[in-house]
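Visitor: My questions are about this predicted structure, shown below with the sequence.
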Amino acid sequence: MYNLVYKSIANTLLLQAQIDEMLEHARVFNENNDITGCLLYHRGIFVQYLEGELEAVLALFERIKVDKRHSAVDLLSSSNIYTREFDTWSMAYLEGNIPNEAYEYIELMVNPVMEIPDMSVIPNPTSKRFWLAAKKLLH
Ligand SMILES: Cc1cc2nc3c(=O)[nH]c(=O)nc-3n(C[C@H](O)[C@H](O)[C@H](O)COP(=O)(O)O)c2cc1C
């Protein structure tokens, strides 16, 4: 098993309907390919966590990288893993349009990703803590 985390910049301000459509497609594909994960979208920035079999995750990432809906796709981390973090989510989705408390938390999570490139700040999206926090916000 393998996971990877990347960030990217949405090419235009994507409409919610376009994101919904993309997620619908992604969830079917991911389920068929045993891929799980979480997509965060905030202020035009995507951060995505993908996990599954190595070949399946890498093949999907190759397709995601050339998707015209975003650019500056930047791989932040990748590693072999033993267990999934999002075993029941074909693609969990978290974005800014949520209650205040959670919104502030997302700001704290996402801003350092863009502003502190060396990822020295904790929690950052290469850490397990970051995605456990995302998981909590989704419940
Ligand atoms: C930020 C972002 C995340 C995406 N995540 C997934 C995903 O998890 N699974 C998926 O199948 N497609 C995902 N896509 C869509 C793929 O990039 C691609 O459009 C889709 O796999 C269809 O590829 P195809 O046109 O080669 O059939 C994502 C796209 C973007 C912009």
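Guide: Ah, there it is. Nothing here was measured: the structure is a model prediction, and the numbers come from that model.
Visitor: Toward the C-terminus, what is the element adjacent to the worst-scoring helix or strand of the chain on mean pLDDT?
Guide: In the chain, no helix or strand scores lower on mean pLDDT, DSSP states H and E than helix 100-115, which sits at a mean of 61. Remark: after helix 100-115, the chain's next helix or strand is helix 128-138, criterion DSSP states H and E.
Visitor: Now do that following helix: which elements does it pack against?
Guide: Judged by 3 or more CB pairs under 8 Å, 6 or more residues apart in numbering; DSSP states H and E, helix 128-138 is in contact with strand 36-42, strand 92-95, helix 100-115. Where C-beta positions appear, they are placed from N, C-alpha and C, glycine not excepted.
Visitor: Just the mean pLDDT for it, thanks.
Guide: Mean pLDDT, helix 128-138: 77.
Visitor: What of stretch 51-61?
Guide: Mean pLDDT, computed over stretch 51-61, is 98.
Visitor: buried ones in that stretch?
Guide: Neighbour counts over stretch 51-61 (16 or more other CB atoms under 10 Å) mark Glu51, Gly52, Ala56, Val57, Leu60, Phe61 as buried.
Visitor: Ok, stretch 10-24 next?
Guide: Neighbour counts using 16+ other CB under 10 Å place Ala10, Leu14, Ile19, Met22, Leu23 of stretch 10-24 among the buried residues.
Visitor: Could you do stretch 71-80 as well?
Guide: Neighbour counts using 16+ other CB under 10 Å place Val73, Leu76, Ser78 of stretch 71-80 among the buried residues.
Visitor: pLDDT check: weakest of those?
Guide: Minimum pLDDT across the buried residues of stretch 71-80 is recorded for Leu76, with 87.
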